[in-house]
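K.L.:
Generate coordinates for the sequence data below:
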Amino acid sequence: MIRLDFHTDFLKFRYPFRIAHGERLGTDVVFVKLHMNDTIGFGEATLPPYLGVLATDVLAAFARPGIVEAMELLQPEDWFRSLSEVIPDNMPALAALDMARWQVHLKQNPGALIKEGRGVPLVGKVPHTFTLGVSDEKEMSEKLDFARRQGFELFKLKLNGKCDFEMLSAFRKLSKAPFAIDANQAWTKLEQALDVLNFLEAENCFLIEQPFHKSDRVFSNELRKRTVIPVVADEACQQFGDLEEVLHVFDGVNVKLQKCGGITPALQQLRMLKERNKKALIGCMSESSIGCNAAEQLTFLCDWADLDGPYLNENNSEMCQRLGYSL
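P.N.:
Predicted coordinates for the structure are as follows:
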């Protein structure tokens with residue numbers, strides 16, 4: 001017997017989340033609870049505005065015929081292909097279903113993901129980052145104190161192209177920890193990157209993420225040539241079909257389940273990144289523990305993980321408890 005339950009909610013940020021494109025107080029989310037006989041799997045469709053997908057779109061996708069039949073298939077490539085035919089146009093909805101099905105599969109077949117990663121070099125313990133949205137020094141200090149109490153030692157700084165030096169200087173004043181930066185497409189000129197490059201190289205920045213517009217290839221490639229810091233794509237690479245072109249320009253990719261449609265296609269991307277000797281970051285859309293724990297299953301193929309959503313959201317524990325999801 002197969003049954004699917006759906007629940008809409010709102011993930012509330014602990015602090016307002018500011019990036020180059022504005023400020024958010026939280027994120028709409030649709031949860032999936034998959035019952036397969038005596039086994040339960042959870043999934044999550046998290047919907048930041050940039051994806052352009054609403055909760056009503058996700059629920060409409062879940063109502064399409066053929067989903068239950070797809071879930072009955074036993075192998076990841078089979079159920080994902082079938083689900084993709086039913087939902088070819090809504091990656092968060094597809095991701096929620098795929099991760100729920102994978103959770104059932106992993107409960108019934110421990111170690112299945114490790115077997116799926118065969119043939120590529122596996123990474124050991126993966127460094128995890130805590131994201132610091134655009135902040136003044138006082139707020140950044142509060143965020144850092146909270147993150148340290150949770151055990152984080154690496155950080156990702158969001159830059160907006162306007163107060164980058166202020167953010168970087170405040171961080172270095174408050175912490176000596178290694179850090180990554182994510183411009184979220186904020187820089188419009190190569191000079192903006194070059195202006196901070198010396199600082200980044202001198203102050204132990206280990207990653208530059210999506211510095212320019214997602215369609216840019218010229219500036220991104222030029223920046224990559226001028227620094228030893230890996231430059232990775234995020235918005236520029238959504239699905240597997242984007243990889244071939246992007247890898248000519250970037251040193252790696254931030255793979256996210258909500259962008260590509262779940263664990264199955266993310267695994268495909270990560271395999272290719274490793275085969276090409278490219279950097280792999282597994283990221284999130286500030287998901288709850290449900291989505292981030294699903295992505296955590298893939299860290300063995302990654303160089304870094306940015307799966308801090310459960311810590312950024314103040315109602316994570318309450319929400320998981322309400323759904324019956326064990327932390």
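
K.L.:
Ramachandran angles for Glu209?
P.N.:
Main-chain dihedrals, Glu209, degrees, to the nearest 10: phi -110, psi 130.

K.L.:
With the one 5 residues further on instead?
P.N.:
In terms of degrees, to the nearest 10, the main-chain angles of Lys214 are phi -60, psi -20.

K.L.:
give me every residue that touches it.
P.N.:
Gln185, Ala233, Glu235, Ala236 (CB atoms under 8 Å, 6 or more residues apart in numbering). In this view, the C-beta of every residue, glycine as well, is placed from N, C-alpha and C.

K.L.:
mind running it again at 10 Å?
P.N.:
By CB atoms under 10 Å, 6 or more residues apart in numbering, the residues touching Lys214 are Asn184, Gln185, Ser220, Ala233, Asp234, Glu235, Ala236, Cys237, Gln238, Asp242, Val246.

K.L.:
same thing with Lys138?
P.N.:
Taking CB under 10 Å, 6+ apart as the test, what Lys138 contacts is Ala170.

K.L.:
Where does it fall, secondary structure wise?
P.N.:
helix 137-149 (DSSP states H and E).

K.L.:
Past that helix, which element shows up next along the chain?
P.N.:
strand 154-158.

K.L.:
partners of that following strand, with directions?
P.N.:
strand 129-132 (parallel), strand 179-182 (parallel) (DSSP bridges).

K.L.:
between the helix holding Lys138 and strand 154-158, how big is the angle?
P.N.:
150 degrees (axes from the mean of the first three to the mean of the last three CA atoms, to 10 degrees).

K.L.:
mean confidence for helix 137-149?
P.N.:
If you average the pLDDT over helix 137-149, you get 97.

K.L.:
can you dump the C-alpha coordinates of that helix into CSV?
P.N.:
Provided in CSV are the C-alpha atoms of helix 137-149 (Å, rounded to 0.1, in the frame of the first residue of the first chain):
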residue,chain,number,x,y,z
GLU,A,137,29.0,44.0,12.6
LYS,A,138,26.7,43.7,15.6
GLU,A,139,24.4,41.3,13.9
MET,A,140,27.3,39.4,12.4
SER,A,141,28.8,39.0,15.9
GLU,A,142,25.5,37.5,17.1
LYS,A,143,25.3,35.1,14.2
LEU,A,144,28.9,34.0,14.7
ASP,A,145,28.3,33.3,18.4
PHE,A,146,25.3,31.2,17.6
ALA,A,147,27.1,29.3,14.8
ARG,A,148,30.1,28.5,17.0
ARG,A,149,27.8,27.2,19.7
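
K.L.:
List the buried residues for it?
P.N.:
Under the neighbour-count criterion of 16 or more other CB atoms under 10 Å, helix 137-149 has Glu139, Met140, Ser141, Lys143, Leu144, Ala147 buried.

K.L.:
What of stretch 79-95?
P.N.:
79-80, 82-84, 86-87, 90-95.

K.L.:
and if you look at stretch 45-60?
P.N.:
Ala45, Thr46, Leu47, Pro48, Leu51, Val53, Ala55, Asp57, Val58.

K.L.:
low-scoring pLDDT stretches of the stretch 101-250 of the chain, where are they?
P.N.:
117-124 (pLDDT under 70).

K.L.:
Tell me if Tyr15 really is in a strand.
P.N.:
Yes - Tyr15: assigned to a strand according to DSSP: H, G, I helix; E, B strand; the rest coil.

K.L.:
Break the protein down into its domains, please.
P.N.:
The record's domain parsing of the chain by automatic domain parsing lists 2-110, 114-323.

K.L.:
Pull the distance from the last one to the chain's centre.
P.N.:
What that stands for is domain 114-323. 8 Å (CA atoms, centre = their mean, to the nearest Å).

K.L.:
So which bits of stretch 244-255 are buried?
P.N.:
So, applying 16+ other CB under 10 Å, buried residues of stretch 244-255: Val246, Leu247, Val249, Phe250, Asp251, Gly252, Val253, Asn254, Val255.
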